[in-house]
Structure formats: structure tokens, C-alpha cells
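> okay, here's the prediction I keep looking at, along with the sequence it came from:
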Amino acid sequence: MNQIPSILTAIREKSPLVHNITNYVVMNNTANALLAIGASPVMAHAKEEVEDIVTISSALVINMGTLSKNWVEAMKLAAQKASKTKTPFVFDPVGVGASTYRTETAQEIIATYTPDVIRGNASEIMALTNSTLSTKGVDSTHNSLDAIQAAKQLSKELGNTIVISGEKDIIVTGEKVSTVSNGDALMAKITGMGCTATAMVGACIAVEGNTHLAATAAMAIMGVTGDITKNASNGPGSFQMNFLDNLHLLTSDQLSEYLILNE
Amino acid sequence: MNQIPSILTAIREKSPLVHNITNYVVMNNTANALLAIGASPVMAHAKEEVEDIVTISSALVINMGTLSKNWVEAMKLAAQKASKTKTPFVFDPVGVGASTYRTETAQEIIATYTPDVIRGNASEIMALTNSTLSTKGVDSTHNSLDAIQAAKQLSKELGNTIVISGEKDIIVTGEKVSTVSNGDALMAKITGMGCTATAMVGACIAVEGNTHLAATAAMAIMGVTGDITKNASNGPGSFQMNFLDNLHLLTSDQLSEYLILNE
Amino acid sequence: MNQIPSILTAIREKSPLVHNITNYVVMNNTANALLAIGASPVMAHAKEEVEDIVTISSALVINMGTLSKNWVEAMKLAAQKASKTKTPFVFDPVGVGASTYRTETAQEIIATYTPDVIRGNASEIMALTNSTLSTKGVDSTHNSLDAIQAAKQLSKELGNTIVISGEKDIIVTGEKVSTVSNGDALMAKITGMGCTATAMVGACIAVEGNTHLAATAAMAIMGVTGDITKNASNGPGSFQMNFLDNLHLLTSDQLSEYLILNE
């Protein structure tokens, strides 16, 4: 647990370049959250350049929220390059299960390029291991606890770390399960909070090689900032604004003080 | 008028999935506004999946703000599917009249797929019935009242509901005209407020089959939230933030108390 | 210097239509900033319509932040049309140097279509004159002062105006160098502030034919609004909100009072 504040410090010292191939809805939030925590975001999706950008980056974030043919091709090129350059890679299977196209794309990316971390809500993680499960759009209809078995199975198959976001954030690596119980219910009413969490995993795996620890740090940063933010906010508009301010102002001491971590 | 608060209640109870094929500029605002009112937004535009997404959705919102070839093809596939599945469909002809491409696309979508509701500003509604009218970009240069005749003509041809947004919001179905006189002038200085209004129509037609009533409820929700927001805001930045907070906090009592509706 | 407040007044009186072909990350910010200062933004990127939109616009802004093949083709069509219609044109070579694709695209656009103004950070301006210089993503790793020689060289070759944004904003036309020393360090922690500055150049060149003066006015508007904003803000979230409010509220008197201009 003492290692988590030091990951925050490392992000601020190294300002790692984090390459995001993400969805149109959240690009602005994601870039701002990465800047606020101290990382340096770059958004680039052209097939002509994703490999160049992976090469200069310290982490790759792929989020399939508004996927389409050209973007999926670029995602694959970037993931393949990350595999060659040993660039840490986190994948967010947004809305997997909501369409055949999403399900097939997510499964192909996971099977072929083995992300170091996969982050999704409970429905998404469950859909990854059960192609017949239907989800309702992009919002979770399942509880995080229900998804733990699916996450363990997936983590063992892939040899990586799975994060199930929700009221509690659950980080699973093989049989190891850590739980972060911070954050606020309002975060589910703000678009892209999950995508921001995935990008935060990108910032953490850029500076920390232990993916379980890095993913836990990312969820801790999101949850603790959420806790700090909730009292000063009237609704989802002010919450978003204050969240960004508080991410920028977050200290290692606050992380230690507020964090509710079970492992 | 008593039916309008009950539409708000229905959105919050049912949390309908609203499928948006919308423009890059406003995707984040639109998704957040739908979440704030209690709906569940999904943004998906790939030809490979729009039909799947329409099938699981309770309403379809098509907004052509940043149209291009692939997107227009997906819009048509989605609209065709919505027609088959009887999924309510609202169309926003952003900037129609500003280019030949926009005008032809809007006219084809309207003629072929008959949206249940069309929402635009006065210039856009007038451009839909007069292909030689030129508009100045995406901001209206005409008064809402001028567009009523065009709206009546269009509504009768299509057998649907037309909304003219502006200082007053005018809802037209055949000869029936309702007017919502809420809202604030600052809303015209914020990008995507009109697109948010269209998405709000999507949330309302998802739970209410009477399109005139649903569109009126959407304009009431936008206008009343604008009224509540204006006094606490210094400019377009704080207005946007407070608008989202107030949309989340909006009560049926506030809707009844503030609404200025003539019909 | 007295001419700068009058450019602000002219934007508000004429409300010029500014055509933006810009990146996904900042479209919303850009449109809102243009509305807040009094201009009328239009975002359009389809090859089928960019020439029509240039024809009705008073300025063209091309920003290659999230470039891809179709977009680059549209950028070229729009730039070519702007050249024919004598529509003022500002170019933002976001991240040039970070990939071969970006560098080649930027160099082709500059060499073929001669933007009236180019705005970038120090690393980007240096990369335009030195194709072997590598940059780190989209954030500057060089000081603005280092880039002045590169800017002078580029300005003389192209016969245009170059803006180097940074802690100080430097406007270069041939040997003429003006410096705006307003603004706040927090602006570098907010995505798209540079892109907003480029769009602001678009609003200014739409109403002022002297590109050096227009670019200086744009940097003055950004910097002074930043100065006004910084004291009331806790971090990048509240800064963004207040910046938009203050852009909307900015007066000619404030511009004169706060501006720190050396020329």
C-alpha cells in the first residue's frame, strides 16, 4: 500500500507519454485527466502513424468505445507494435456484448495481442468470457462481485491483470484479488469516468512494471479523487470540474489517508 | 401539461437506452445530458453494428453535425432498422442549407426514413422546405416564428412532429402548435445546446408514444433547466456546468412550477 | 496596441463565420471559445462539403491534431479553396515531428497552400524547419525563445506570420517580433488551449487583414483572459470553466489594462 503513493510521485516526475486510441466521446476528458495527474497524453489513430507513436510512448491505451473499421485496424497495428517494443498496453472493451461487432473485435484483440491490463465494468468483463451474454449498451447491469470468477478465469488464461470497475473496484491477477472501496455513485452518471480510469491505468503501467500494483494505484487515484470531490459537488457538472481540479491537486498524503484497500 | 412531469418520471424509472449517431463536437455533452436526466446513452456509428444497437435501444437520435460518407451510410442503415423495429427516431439536420451535401443528405433521410420528430433552429427548418434558402453555417439567422409555416407544411407532408428551437421553442404537429417560452439567451452561446435538445427528444420519445407531447416535454426539460441555471451562472462555462447539475437535480415539481407553455 | 481592442470589437460586431477542420479532442472547446468571443464556428470535414463551407466562411482553421487520410484530403481541398477565395487561413501543425506522417503532412500543407498564419509550440515550429528534430508527442519540450530563429526563417520563406505559443507568446513576421507575456502556467495543463489559440487567430484574421496584428490580438485575448482567470481557479477544471466565462465577458478595457506587449 505504501507503494501506491510512490506511483503517483513517479508519474509526476517522469511525465510519461501515454498513447491513447480511444473513443470520440471521452477524448477530451481523458487527455485532461492524464495532464492533471502529471502524464503527457497523445491521441493518434491513423494507420500511417500509430506505430511511430507507440515507439515513442511509455504506455498504450486502447478503448473501443466508438469503434469502426479503420480504427480497429489501427488498434491492431498499435497493439502489435506495443508487443514488439514491450510497451505496456491496457485495453478497455467498452460495450462488449452490445453488438456482434464489438464482441468479435474485443475477443480478437484480447486473444491476439494480450493486453497487460483489461479494465471494464462487470457486464463487460463477464461478456468477454461468455459470448452469449447480452449487455445493455455501455452501462453495467451486473454487480462487480458477480464478475470476479470471470475475471479470474480470464486473468489465468491471459496471464494478465483484470480490473472490474463499479461501486467497488476489483483488481484480479490470477487468484489474487484486491478491492478499492473509494469513489462516489455520481461517477456512474458521468460519461467517460470508466474510460478515464483506463487511461489512468495507462499512466500507472507506464511507470510501474507490476501490473496488479499499477492497476490498483490507478483505481486508488480515481477513487480517492472521487471521495475528495463528492462533498464539494452539486451534480455531475460540478463533479467533473472538481474532479479534474482535485486530480491535479492530489497528494501522496491524501492517497494514503483516504484509500480503502483490501487485498 | 400534467403529463410532462410524468414523462420525466418515466425516463428516470425506465432509464431507456438511447442510441446516438451524432457529431464529434457534442458527443460528450449529449451523453452527459442523457445520463443527467436518467437515460442511458450509447454512441455507435459503425456500419457493422448500428443495426444491432438500434435493436436493443428504445430510441434513435441521428444528428448530422459533422457528417461524412461513412457516417451517412450508417445513419441510413440505422434509420432503416428503426423503421422496421418501430424504434422512435428523431433527426437533427444541423447546418442544412450551408452546403449542397448537407441539404441533399437531410432531404434524403427525411424523405426515405420519415423521422418521428425533426428538431432544428428556424433557419434549418426553413431550409428543409426550401432548398434554395442559404443559411450561415450552423447558427440560426431566422426567427422561430418565421419558420412555423414551413414546419406545418413539413409536418403534414411527413405526418410527424417538427420542433423549431430558439428564444421560444415551437412544437408543430399538423396544425397543432405548442410553444415553450422558457430558457435563456446564453444557451445560444454554448455549442451543442440544440443537439442536447434533440437527444432529450430521444429520451422522451423512448418513453412516450405521442410525439407532440414527448417533444414538448423535451423542450420543457431544456427550457426549465435553463431558467433554473441562468441566475447562478456568470457566462457560458459556468452555465454548462450548472445546467448539467440542474438537469440531474430537476424535479417534477420544478417542471410544473417553471414551465411556460402555450398550446 | 490600441488596434487590438478594436479587433475584439470587430469580432463581436461582425460575428464572422470561422470554418474549423480540427481534431476530435478539442472540437467542443474550440467551438465554445469561438462562440464566447463572439464569432460563429462551423465544424465540417467532409470532402463533399469543405469547399462549400470555405466559400461562406470568413476564415479557415486547419488543425492536424488527430489527422488521418480522409481528413488530410479534406484539409487540402479546403486550403486550396481558401487560396482561390482569398479566405484567410491559419494552420496548427499539432505534434509535427512525433511521426513521419505528421511531419510530411505538415510540410506538404505549408509548402503547397501557404497558410497566412502558422501557430505551434516551440517544438512544433522548430520541427517545421528541421525534419530530423524529434518531438515528444504534442507537448513542447523546447523554450519559445529557442524557436525564434526557426520562425523568422519560416516566415521569410513563406511570407506569412508565425506564432510560437508558450510561457510567452511570440509573433514573428519576417524580422518583426512581438511578444505577449500574459497567461498562466496552468494553461499548459489543459488539453486544447493551444488549439483554442489557433482558432482565436482564425477569428482575428477574419476581421483584420494585417496577419501580424491579428495574430497578436489573438494571443492577447488568450493571455489576458488567462490572467483574469487564474486567481479564481483551483485547478485545470475550474480554470477551463472560468476561462470560457471570462472570454465571454472580456472587454476592450480589460484587454488594454492587462496586456503586456513588447514589440
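Cool, got the structure.

> with adjacent residues omitted, what lies nearest to residue A:77?
Once flanking residues are discounted, residue A:77 sits nearest to residue A:50: 5.2 Å by C-beta to C-beta, 6 or more residues apart in numbering or on different chains. Every C-beta, even on glycine, is put in place using the N, C-alpha and C of the backbone.

> and the one you found, what does it touch?
Residues near residue A:50 by C-beta atoms under 8 Å, 6 or more residues apart in numbering or on different chains: A:19, A:21, A:44, A:74, A:77, A:78, A:81.

> for chain C, state which of these is nearest.
Distance to chain C across these (C-beta to the nearest C-beta) is lowest for residue A:44, with 6.8 Å.

> and the residue lying closest to that closest one once chain neighbours are set aside, helix, strand or coil?
Nearest non-adjacent residue to residue A:44, counting by C-beta to C-beta, 6+ apart: residue A:53, 4.6 Å away. Using DSSP: H, G, I helix; E, B strand; the rest coil, the structure places residue A:53 in helix.

> list the contacts of residue A:53.
Counting by C-beta under 8 Å, 6+ apart, residue A:53 makes contact with A:19, A:42, A:44, A:78, C:98, C:99, C:137.

> tell me the pLDDT of the residue nearest to residue A:77.
As predicted, residue A:50 sits at a pLDDT of 98.

> quick one: the strands in the stretch 101-250 of chain A?
Secondary structure of the stretch 101-250 of chain A (DSSP state E, counting those that start in this stretch): strands at A:117-121, A:161-165, A:169-173, A:176-180.

> which other helices and strands contact the third one?
Strand A:169-173 is packed against helix A:148-158, strand A:161-165, strand A:176-180, helix A:211-230, with contacts defined by 3 or more C-beta pairs under 8 Å, 6 or more residues apart in numbering or on different chains; DSSP states H and E.

> out of those, flag the one nearest residue A:121.
Taking C-beta to C-beta, strand A:161-165 is the member of the helices and strands packed on strand A:169-173 nearest to residue A:121, at 5.4 Å.

> residues contacting the closest one, please?
Defining contact as C-beta under 8 Å, 6+ apart, one finds that strand A:161-165 is touched by A:116-122, A:125, A:144, A:147-148, A:151-152, A:154-155, A:169-173, A:194, A:197, A:201, A:211-212, A:215, A:218-219.

> how near is residue A:31 to residue A:79?
Per C-beta to C-beta, to the nearest Å, residue A:31 is found 20 Å from residue A:79.

> residue A:108 now?
With the distance defined as C-beta to C-beta, residue A:108 ends up 10 Å from residue A:79.

> neighbour-wise, which of these two wins?
Legend: neighbour count by other C-beta atoms under 10 Å in any protein chain shown for residue A:108 and residue A:79, higher for residue A:79 (23 against 13).

> that one against residue A:60, yeah?
Yes. Here residue A:79 lies in contact with residue A:60, judged by C-beta atoms under 8 Å, at a distance of 7.1 Å.

> joint contacts of the two?
In contact with both residue A:79 and residue A:60: residue A:89, using C-beta under 8 Å, 6+ apart.

> pull up the distance across stretch A:79-99, start to finish.
End-to-end distance of stretch A:79-99 (C-alpha to C-alpha, to the nearest Å): 22 Å.

> show me which residues of that stretch are buried.
Across stretch A:79-99, burial judged by 16 or more other C-beta atoms under 10 Å in any protein chain shown covers A:79, A:81-83, A:87-99.

> just these: which are in helices?
Mapping the buried residues of stretch A:79-99 onto helices (DSSP state H) picks out A:79, A:81, A:82, A:83.

> in contact with the first one, which residues?
If I follow you right, that is residue A:79. Contacts of residue A:79 by C-beta under 8 Å, 6+ apart are A:60, A:62, A:89, A:91, A:109, A:112, A:113, A:115.

> how close does it sit to chain B?
Here residue A:79 is placed at a distance of 19 Å from chain B (C-beta to the nearest C-beta, to the nearest Å).

> what of the last one?
Spatial separation of residue A:83 from chain B under the definition C-beta to the nearest C-beta is 25 Å.

> OK, contacts around that residue?
So residue A:83 contacts A:89, A:113, A:114 (C-beta under 8 Å, 6+ apart).
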